[in-house]
Each structure stands twice: as structure tokens, then as C-alpha cells.
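> Could you work out the structure for the sequence below:
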Amino acid sequence: MTSPPAATSFRALGKNLPQILLLALTNVFVGGMVGIERTVLPLIAEADFGIASKAAVLAFIATFGVTKAGVNFLAGGLSEKVGRRRLLILGWLVGIPVPLILMYADSWSWILFANVLLGVNQSLTWSMTVVMKVDLATPRTYGLVIGWNEFAGYAGMAVTAALSGIIAAEYGMRPEPFYLGLGLVAAGLLLSWFTRETLGEARGTGNPAAGAAPEKPPLLQVLRLGTIGDRNLSAASLAGLATNLKDGALWGLLPLLLASRDLPLTSVAWVIALYPAVWAVSQLVFGPLSDRIGRRGLIAGGLAVQGAGVACFVLGGSYPVYLAAATVTGLGTGMVYPTLLALVSEVAPAEWRASALGVYRLWRDSGYAVGALGAGLLADALGMGAALAVVAAFSVLVAGFFLVRVRLSRA
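Okay, the predicted model is just below:
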């Protein structure tokens, strides 16, 4: 009797399965660190610091995105020299001051500085959990293990986004919601200490699906390939940028938009949390599915679905519609997120896969800065609804471009 596909995939992971699950658990706390900001920080900007300009409010997301993108670019190559585990632990050490600053900052500049540290924390910890899982997997299980990783991270984000909003509604916006961050850092650091180094597996494994080359190209050459030189890698970079551009815009504007429509803070928290919750759970389906049916259609479809979800936020006028919009947007993001990481992992040879993932994450997380600043400026000029409408249209345009640009042997 033939084994079912799921059993076959689990068997392919073999003795590495416990380590992969430990890394996934660690990523729950990584995602939670971002979740503590998503509901309350844009509201704190107006309530505690009197910032009226939407562009100024969204500056904290831009500093996060620029820092995370830049460190992502360096982290992949650096991990090939010093190892993955060291960078994972370093990322948690950098994250220790973040919740403390968010609790007690007396100026917006301190909030921006906290988000620089958060960007470093996220780039090192999240990047390393992805790279270490891929080191331990095979090309036919990349979507599976990346789906687990992204599910864990965004589930953590959803839970803390909801909890922080509920705590803020009950006790106030500061400092109580950010107590969660102290526990997240402690748990993440403890779990990371028990992970093992995976660089040896990467160096000992070729990638036949990508035609692994024996020599690693210089980092700037990998940057060129991931930006314009390789049609598959460059299309993945643009699709990732569009996805996080949308997320940066929603992170900053959605709490303000819903509050401006007289939605209670607790209801705002549930809408904000539902979006990454659906995103998280759907990745458990779409990551493994991409291993079986191919990546291209899922990514293009996911970009279009994201655009439709954002449009629903603009056009909606009731709590049920906002919940539906969050569900659609989360579903589209879940179609794209693990699938893009799996595509890059499959296309890039094992010898420079971590660097290729770093370049992809450079452009993907640049989307936070582009989305936050662009949406903030558009919101100041045209209103929040118009800004999100532009974001929705951009997602759909990139979906069409991706279909035209990408050429894979297994679509």
C-alpha cells in the first residue's frame, strides 16, 4: 500500500523533525514581538504623542522595515561564515530592550529607536529559523517546513495583537500591553539556546532541482541576480515587496481607519488579529500544497486575493465586513508567503541559498518602508481610504507581472 503524501513528507524529514519543530516553536515568540505593536502603537502615536500626520505616525514601521531589510541582506551571507545559531541568539539579545522602551518612552524618537532594535531582532531571529529549517529539509519539503515556520510566527503575532488590544482596552495603552514582550524575549532566548547549528547540513547538501554550483558567487552578484538578473528570483523579490508593502500600509493605517469609523478598541483588536491569524493557519495548507502543484499560480493568485481584501477594507462600513476583509487579506497573504520562500530556496543552489534568501528578504521587507511612507503620504494628501485603494491596485498589477515574468520547470 502506498503511504499518503503527508506521511511521506514527515518521513523525508527523518531525524531532523524534532529540531524543525523546536525552531517552529521558537518562531511563535519571534512573531509575537511584532504583534505587541500592531494594534496599539499607531493609536499611541496620536493619543500619547499628539502626532497628527499619518506619514509621521507610520515612520515607526519605516524604521523597522529599513533596518530589517538591511540586516536580512547581510544575515544570510554572515550566517554562512559564523553559523546560524549564533545569529539566532544574538537576535534575541538585541530584542531585550524593545518592550522596555515601548513601555516608558517619553518621546517618539525613542519609539523609532525601539523599532530599529525590533528590526534587527526580527531579521536575525526570523531569518535564521527559516534558513535553519531549509538546511534540514529537502527541496520537496521546503514548502512544508516553511509553512510550519510562517504559521508559527504569524500565529504568535495574531495572539499578541489580540491580547495587547484587549489589555489596552482594560488597563490603558501603556505600559501594560508591552509586559507581554518581556515574556516573549525570555522564552525565545531560552528555546534558541537549545537549537543546534545547521550550517554543516547546508554545506553537505546539494540542490539537484536548482543545478547546484560548487562555487558561491560574491554577495553583490547574488544581489544583482535577486534584483534584476534572474527572472524567477527577481520576480519573487517584487512579489515579496508588494506583499509587505500591503502589510506595512495595513499595520499603520488600519487601526486608525477603523477607529475613525467608531469601531471600539476591542473590536479593532479582533480585526487586526484575525488578519495574521488567517495568514498563519492558511500557510499550513498552501506551503505543502506548493510542493505538490507548483509555486507560480499560488503566488500570482495570492497577490490578487490580497488586493481584493484590502479593497474590502476601503469599501466596508460594518464590523462583519471588516472581519471578512481581514479573512480575505490573510488568505491571500498565506498563499504567497511560504510559497515565495520555497520558490527562492528551490531556485537558488544550496551553496548560496542563504544569501539568496537574504536578498529576497531585503526586497520583501523593504516593502514595509515603502508601504508605510507611501501610504502615510497618500493618506495625508487624499485620505486613508484612497491610500489603501492604491495599495490594493498595486497588488493586482504585481500579480499580472509575476505570471508573465516567472518561468519554472515545475510551475
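
> how far away is the nearest residue to Asn244 once chain neighbours are set aside from Pro320?
Closest residue to Asn244 apart from its sequence neighbours, by Cβ to Cβ, 6 or more residues apart in numbering: Gly367 at 3.2 Å. Glycine gets a C-beta too; all of them are placed from N, C-alpha and C. Here Gly367 is placed at a distance of 29 Å from Pro320 (Cβ to Cβ, to the nearest Å).

> Who has more neighbours out of these two?
The neighbour comparison of Gly367 against Pro320 (other Cβ atoms under 10 Å) goes to Gly367, with 25 against 8.

> returning to that earlier point: can you verify my assumption that the residue nearest to Asn244 contacts Gly248?
Yes. Between Gly367 and Gly248 a contact is recorded at 6.1 Å, counting by Cβ atoms under 8 Å.

> where do the contact lists of the two overlap?
Gly65 (Cβ atoms under 8 Å, 6 or more residues apart in numbering).

> Flag the shaky bits of the protein, pLDDT-wise.
1-13, 202-215, 409-411 (pLDDT under 70).

> how about a cut-off of 80?
1-14, 76-77, 80, 139-140, 143, 200-216, 350-351, 354, 408-411 (pLDDT under 80).

> mind listing what's buried in the strand or helix carrying Ala24?
Here Ala24 sits within helix 17-38, counting by DSSP states H and E. Residues 19-20, 22-38 are the ones in helix 17-38 that count as buried (16 or more other Cβ atoms under 10 Å).

> quick one: contacts of stretch 54-66?
Contacts for stretch 54-66 (Cβ under 8 Å, 6+ apart): 37, 41-42, 45-46, 51, 108, 111-112, 115-116, 118-119, 122, 244, 248, 251-253, 256, 365-373, 375-377, 379-380, 384, 387.

> And it, how far out from the chain middle?
Centroid separation for stretch 54-66 versus its chain: 16 Å, with Cα atoms, centre = their mean, to the nearest Å.

> Narrow the contacts of stretch 54-66 to those in helices?
37, 41-42, 45-46, 108, 111-112, 115-116, 118-119, 122, 244, 248, 251-253, 256, 365-373, 375-377, 379-380, 384, 387 (DSSP state H).

> Are any of those residues buried, and if so which?
37, 41-42, 45, 108, 111-112, 115-116, 118-119, 122, 244, 248, 251-253, 256, 365-373, 375-376, 379-380, 384, 387.

> so what's the residue nearest to Leu362 when sequence neighbours are not counted up against?
Here the nearest residue to Leu362 in space, its sequence neighbours aside, is Phe73; by Cβ to Cβ, 6+ apart that works out to 3.9 Å. Residues near Phe73 by Cβ under 8 Å, 6+ apart: Leu223, Gly358, Val359, Arg361, Leu362.

> contacting residues around the second one?
Neighbouring residues of Gly358 by Cβ under 8 Å, 6+ apart: Asn72, Phe73, Leu74, Ala75, Gly76, Gly77, Ser127, Val222.

> Would you check how far apart it and Gly188 are?
Where Gly188 is concerned, Gly358 sits at a distance of 21 Å (Cβ to Cβ).

> now the fourth one
Counting by Cβ to Cβ, the separation of Arg361 from Gly188 is 19 Å.

> So between those two, which is more surrounded?
Neighbours were counted for Arg361 and for Gly188 using other Cβ under 10 Å; Arg361 has more, 29 against 26.
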